[in-house]
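Colleague: quick one, what's the 3D model for this:
(one chain, ligands or ions: 1)
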Amino acid sequence: MTNSNKIKLVVMGASRVGKSAVTVRYLTKRYIGEYSSSTDMIYRHNTTIDNTTTEVEILDTCKCSSTGCLYDHIRWGEAFVIVYSVTDKTSFLEAQFLLGKVGEIKLPTYFSTLLLGNKRDLDHFRKICVDEGQELSLAYSCQFYEVSAAENFAGVSLAFQTLLREARSIQLLKALPIRRKLGVNSVSKVLGSLFGKNYNKSGQGDKRKKRPSLSI
Ligand SMILES: Nc1nc2c(ncn2[C@@H]2O[C@H](COP(=O)(O)OP(=O)(O)OP(=O)(O)O)[C@@H](O)[C@H]2O)c(=O)[nH]1
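Modeller: Okay, here's the model as predicted:
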């Protein structure tokens, strides 16, 4: 497996939002209620993206004790899952802060980000509505899903797979030889895999098509 077939993914968010729960749900299909949270955990996992086996390194972070630690996490990653709990307003504000930091540190390089509202099974305690999550994701041009790690594997899996697919497309785009002039067809092919088939050859995406967002 070549180096370009590896994606480094960082799971970040406020304390107790379910970062470990969503990570373990994605990796094992299982929900485990309590996790040790005193250290960062790194998991290695192979998945198939567009018929290509890709190694994914997932860093499940715990609370950073310094700004340097947060910067290190962001510099290390190329794809980011930023988790908040739909029952916790502070965690939503933290997610907004992290979206800003990721942009600040990673730009102008390409990266992929997923805003993930977790604990949607706790609807009666909900403090953040779906629209607020959607609006935040639009403001930062990232993907958005609402999930329940406790109740549902499919939603978590779909959210992670969509993010990984975008990260893989970005890697392919980066790997294109700089000096080679791209034909219109190859550019639209790469953009098509990034943004979906509605990207036409004039380079204009179908503006009616929103970024993927789903509640499962
Ligand atoms: N109801 C409900 N509880 C959840 C869900 N996901 C996680 N939890 C619970 O939320 C608590 C925190 O989950 P963790 O996965 O440890 O959260 P974390 O963000 O990794 O926590 P720290 O590492 O301590 O910051 C645990 O009690 C989980 O059982 C969910 O989808 N629904």
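
Colleague: who does the most centrally placed residue in the chain bridge with?
Modeller: Note on the chain: the residue nearest the mean C-alpha position is Leu114, at 3.1 Å, using CA atoms, centre = their mean. Bridge pairing for Leu114 (DSSP bridges) gives the partners Val81, Gln143.

Colleague: that one touches Val81, doesn't it?
Modeller: Yes. Counting by CB atoms under 8 Å, Leu114 does reach Val81; the two are 4.9 Å apart. The way it works is simple: take the backbone N, C-alpha and C, and place the C-beta from them, glycine included.

Colleague: who touches both of the two?
Modeller: Counting by CB atoms under 8 Å, 6 or more residues apart in numbering, the common neighbours of Leu114 and Val81 are Ala159, Phe160, Leu163.

Colleague: can you show me the helices along this protein?
Modeller: 19-28, 67-76, 89-106, 130-139, 153-175, 184-195 (DSSP state H).

Colleague: can you tell me how far Thr109 sits from Ile7?
Modeller: 14 Å (CB to CB, to the nearest Å).

Colleague: neighbour count for those two, which is higher?
Modeller: Ile7 (25 against 9; other CB atoms under 10 Å).

Colleague: coming back round to it: please tabulate the helices of the chain in JSON lines, including the columns mean pLDDT, distance to the ligand and mean neighbour count.
Modeller: Rendered in JSON lines, the data for the helices of the chain read as follows (pLDDT from 0 to 100; distance: least, CB to the nearest ligand atom, whole Å; neighbours: other CB atoms under 10 Å):
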{"stretch": "helix 19-28", "mean pLDDT": "96", "distance to the ligand": "3", "mean neighbour count": "23"}
{"stretch": "helix 67-76", "mean pLDDT": "91", "distance to the ligand": "13", "mean neighbour count": "14"}
{"stretch": "helix 89-106", "mean pLDDT": "97", "distance to the ligand": "9", "mean neighbour count": "18"}
{"stretch": "helix 130-139", "mean pLDDT": "98", "distance to the ligand": "15", "mean neighbour count": "16"}
{"stretch": "helix 153-175", "mean pLDDT": "94", "distance to the ligand": "9", "mean neighbour count": "19"}
{"stretch": "helix 184-195", "mean pLDDT": "58", "distance to the ligand": "29", "mean neighbour count": "15"}
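
Colleague: reformat the ones you listed as JSON lines; add distance to Asn51.
Modeller: Below are the helices of the chain laid out as JSON lines (distance: least, CB to CB, whole Å):
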{"stretch": "helix 19-28", "distance to Asn51": "20"}
{"stretch": "helix 67-76", "distance to Asn51": "27"}
{"stretch": "helix 89-106", "distance to Asn51": "28"}
{"stretch": "helix 130-139", "distance to Asn51": "28"}
{"stretch": "helix 153-175", "distance to Asn51": "11"}
{"stretch": "helix 184-195", "distance to Asn51": "12"}
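
Colleague: still on that earlier bit, just the pLDDT for the residue nearest to the centre of the chain.
Modeller: Reported pLDDT at Leu114 in the predicted model: 98.

Colleague: contacting residues around it?
Modeller: Contacts of Leu114 (CB under 8 Å, 6+ apart): Ala79, Phe80, Val81, Ile82, Cys142, Gln143, Phe144, Tyr145, Ala159, Phe160, Thr162, Leu163.
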